[in-house]
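Visitor: here are the coordinates; sequence isn't available:
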């Protein structure tokens, strides 16, 4: 079943609190990909604490070069070298030179048959990538159109491949449920102000992990000037992107807890369904 | 009462384990000094977890430039700047240039009336400081020699100051217990192979925090070649330095737990009294 596990390893930003560490999210999909989104200081410990070896990561995707998002990288690199591995790091192009010196493989996208991740430019104070993941979850067949087909043919059709039965070539499109979406998307914004040009470029996503540095005590214009978003901004982004699920993170240390964020989120009628997790909480999201 | 609180914030070395983080020890003395010995990755979180703000630190003393001992520094510096403070960092001279660029105050010693800390060169693979702390705990008076003296005079004499009673000048030495040591010492070695030249220079200490990277499964010559010590080496150092208390740290991640270290330590008749703490253990040591 297409499902994604997210472990929030750091839901803070800029300055940590004892229970709110700097940005890092561990993502594991049902295909076995293991992705670290941002690498705040100490992330190698937090991975160990959830039983994940840095050398088992498919890739690390960092959003931008601000220290709160990247100070965990050198430690990950060193530990991976001890373990005999080499990390693959996705980052904005402006960081590639510096990252290469760390001895990691650097790129700004990665692609396998059913899994793709690429940079989408967001609206922060420096060159910054949101990371858009696309999964090919295959076709869902309309059983009324597939009766009599052998099992091997169904398997191929679900994967999106045409089959030949006798003289007849059947394409997946002919027998698939047209309401089912073959591609599913998750977008992690990293730090960003509201970013309509990015929303337009991305179109729709299923899951949106958006920053909500501020609740509603800071004026939107001040938040945006600093390249950040409020809870209301994140909800606006989720609606623009048709996201069913919105996960809010990067909560400023000015808030002793996330109660105001939660109160603001609770006023909204879903969609989006909004989650505001604490550090080390695990979310299982069905795509 | 002259007492030192030590919180072990990281008893590992090189590569962390989930329950053994990279080197950092928080030291707080009865005079209110707050010293961080080494700054492994993530130390700012660990300080927060024990309720200590980085901006309240008297100083940070790092032993050498290997990443496992210093990757927590940039985060501490950034957070201190957010809080409006400026860190004082003691380090080997060869690191001063790089550290100055971080915007911290750099030195290789620090001194107040009753508290001094200085670098003593240890035997590692790079330029490295052990940190020797000296406390002036004052004189202990021999009560048989002070009867009749007013309270203010006793207070001055304990502090090491002569007093004038009528025409008579009394020096502390005249009335003090000669068996009592006025100066107390704690030495934190950081990474080091056995280092007789350092032992000779330092003389005696009361408390020795020594690395014991290896138990007894690695040959001493291999350990020393890598600039490290075994449990037996650390005990030898403690005896050479007349240390009453020996605290072992920097235990390699090759050991799933510290049981072999503890077994080797238990074979020794004190002194030294040997402690092998876990991360986040607090030790109160009376000087």
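Guide: Received, thanks. The structure displayed is predicted, hence computed values, not measured ones.

Visitor: In chain A, which residue sits closest to chain B?
Guide: Closest residue of chain A to chain B, CB to the nearest CB: residue A:42 (2.9 Å). Any C-beta I mention is one placed from the backbone N, CA and C, and that applies to glycine too.

Visitor: Point to the residue nearest the middle of chain A.
Guide: Chain A has residue A:188 as the residue nearest its centroid, 3.9 Å off, counting by CA atoms, centre = their mean.

Visitor: Quick one: name the residues of the stretch 1-150 of chain A near chain B.
Guide: Residues of the stretch 1-150 of chain A lying near chain B by CB under 8 Å from any CB of the partner chain: A:14-18, A:21-22, A:41-42, A:44-45, A:48-49, A:51, A:67-68, A:71-72, A:74-75, A:78-79, A:82-83.

Visitor: Which of these are buried? Put it as a PyMOL command.
Guide: Selection command for PyMOL covering only the buried members of those, criterion 16 or more other CB atoms under 10 Å in any protein chain shown:
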select buried, chain A and resi 14+15+16+17+21+22+41+42+44+45+48+68+71+72+74+75+78+79
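
Visitor: among the residues of the stretch 1-150 of chain A next to chain B, which are in strands?
Guide: Using DSSP state E, no member of the residues of the stretch 1-150 of chain A next to chain B falls within strands.

Visitor: So which residues of chain A form helices?
Guide: Along chain A, counting by DSSP state H, helices occupy A:43-49, A:67-70, A:73-82, A:96-101, A:151-158, A:172-175, A:196-202, A:220-225, A:231-240, A:259-266.

Visitor: Taking helix B:73-82 as reference, get the angle to the third one.
Guide: Right, the one you point to is helix A:73-82. With axes from the mean of the first three to the mean of the last three CA atoms, to 10 degrees as the basis, helix A:73-82 and helix B:73-82 are set at 170 degrees to each other.

Visitor: measure stretch A:17-33 end to end?
Guide: Taking CA to CA, to the nearest Å, the first and last residues of stretch A:17-33 lie 30 Å apart.

Visitor: any idea of the mean pLDDT in it?
Guide: Here stretch A:17-33 scores 97 as its mean pLDDT.

Visitor: List the buried residues for it?
Guide: Residues A:17, A:20-29, A:33 are the ones in stretch A:17-33 that count as buried (16+ other CB under 10 Å).

Visitor: Going by distance to residue B:3, which of the residues you listed wins?
Guide: Using CB to CB, residue A:17 is the member of the buried residues of stretch A:17-33 that sits closest to residue B:3, with 29.8 Å.

Visitor: out of everything not next to it in sequence, what's closest to residue A:231?
Guide: residue A:264 (4.3 Å; CB to CB, 6 or more residues apart in numbering or on different chains).

Visitor: surely that neighbour meets residue A:217?
Guide: No: using CB atoms under 8 Å, residue A:264 makes no contact with residue A:217, being 10.5 Å away.

Visitor: More neighbours: these two, which one.
Guide: Counting neighbours by other CB atoms under 10 Å in any protein chain shown for residue A:264 and for residue A:217 shows that residue A:264 has the greater number, 20 against 9.

Visitor: show me what contacts that one?
Guide: Neighbour list for residue A:264: A:215-216, A:231-232 [criterion: CB atoms under 8 Å, 6 or more residues apart in numbering or on different chains].

Visitor: quick one: which of those residues is most hemmed in?
Guide: That'd be residue A:231 among the contacts of residue A:264, by other CB under 10 Å, with 27 neighbours.

Visitor: List the contacts of that one.
Guide: By CB under 8 Å, 6+ apart, residue A:231 lies in contact with A:212, A:214-216, A:248, A:261, A:264-265.

Visitor: Make TSV out of these and add pLDDT.
Guide: Listed next are those as TSV, based on pLDDT from 0 to 100:
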residue	pLDDT
A:212	98
A:214	98
A:215	98
A:216	97
A:248	98
A:261	98
A:264	98
A:265	97
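
Visitor: okay if I get those as a markdown table plus distance to residue B:198?
Guide: What follows is the contacts of residue A:231, written out as a markdown table (distance: CB to CB, whole Å):
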| residue | distance to residue B:198 |
| --- | --- |
| A:212 | 53 |
| A:214 | 53 |
| A:215 | 55 |
| A:216 | 59 |
| A:248 | 53 |
| A:261 | 54 |
| A:264 | 59 |
| A:265 | 59 |
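
Visitor: out of the residues you listed, which one sits closest to residue B:94?
Guide: residue A:214 (43.2 Å).

Visitor: domain ranges for chain A?
Guide: Using automatic domain parsing, the domain ranges for chain A come out as A:3-137+A:181-286, A:138-180.

Visitor: any idea which of these is most buried?
Guide: domain A:3-137+A:181-286 (a mean of 20; mean count of other CB atoms under 10 Å in any protein chain shown).

Visitor: how much distance is there from that domain to the middle of the chain?
Guide: What separates the centre of domain A:3-137+A:181-286 from the centre of its chain is 6 Å, taken as CA atoms, centre = their mean, to the nearest Å.

Visitor: first to last residue in it, what's the distance?
Guide: 4 Å.

Visitor: and residue A:249, what are its bridge partners?
Guide: Note on residue A:249: beta-bridge partners by DSSP bridges are residue A:211.

Visitor: Quickly note the distance from it to residue A:127.
Guide: Residue A:249 is 21 Å from residue A:127, where distance means CB to CB, to the nearest Å.

Visitor: next one: residue A:101
Guide: Applying CB to CB to residue A:101 and residue A:127 gives a distance of 18 Å.

Visitor: can you check residue A:7 too?
Guide: 27 Å.

Visitor: returning to what we had before: which non-adjacent residue is nearest the residue nearest to the centre of chain A?
Guide: residue A:209 (4.4 Å).

Visitor: tell me the contacts of that neighbour?
Guide: A:6, A:25, A:37, A:186-189, A:247, A:249.

Visitor: Show me the two of those that sit farthest apart.
Guide: A:6 and A:189, at 14.2 Å, using CB to CB across the contacts of residue A:209.

Visitor: pretty sure residue A:83 is in contact with residue A:48, am I right?
Guide: No: assessed by CB under 8 Å, residue A:83 is found out of contact with residue A:48, at 11.7 Å.
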